[in-house]
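J.: Fold the following, please.
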Amino acid sequence: MSMRLRISHIECQSVQIMTLHGYLAQLEVYKLKRMIEEAIQDGRRYIVIDLRQVDFIDSAGIGVLLHLRKECAQAQGRSALVVRQPSGVSNVLTSANLFSIFCVHARPEDALEEMLTTTGIAGGAVAEGLAAQIQQLTERLFQLEQRLGIEHNHTRA
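T.: So this is what the prediction gives:
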């Protein structure tokens, strides 16, 4: 279990999926905040944050998730979370009442499909095919990161 925060991200159509690994805590949140701000500045206003591999989240982590929601809303976009349940992270998010203000999904494919279909970016059949590609790419990125010790990379699907 690493205390460092590692972020992998891929883009599918107009949706940015950021997969986090490690601790989303005070000393590490700047990485995610910077990536969110860069994505919004680059016109990527639909963002999914995958928290399934996050081992710990504190108030600074909750703050950066609220920052994500605000930034996406101001850019006329949307944000969603992927959370493993039950988990310590889901307990913290429930206590902070984040489940009431975010769309929360069990899998990134579900978040992608919901975002693509509700925003009109793509239809359901397209979203299903893209979701499978996203899952495969996310798994490959994580495996490569582990082998190479890469902390952050970017691939477009």
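J.: Mind jotting down where the helices sit in this structure?
T.: Ranges of helices in the chain, per DSSP state H, are 29-41, 59-74, 88-95, 108-119, 124-148.
J.: State the phi and psi torsions of Q26.
T.: Dihedral pair for Q26: phi -50, psi -50, per degrees, to the nearest 10.
J.: Please name the nearest non-neighbouring residue to it.
T.: Leaving aside its sequence neighbours, Q26 sits nearest to A60 (C-beta to C-beta, 6 or more residues apart in numbering; 4.0 Å). Every residue, glycine included, has its C-beta placed from N, CA and C.
J.: Next: F56.
T.: F56 sits nearest to Y23 (C-beta to C-beta, 6+ apart), 4.6 Å away.
J.: who's in contact with the one you found?
T.: 2-5, 54-57 (C-beta atoms under 8 Å, 6 or more residues apart in numbering).
J.: what about it, distance to D58?
T.: Per C-beta to C-beta, to the nearest Å, Y23 is found 8 Å from D58.
J.: residues near Q85, how many?
T.: Q85 has 13 neighbouring residues, counting by other C-beta atoms under 10 Å.
J.: where does this structure have low pLDDT?
T.: 1-2, 122-133, 150-157 (pLDDT under 70).
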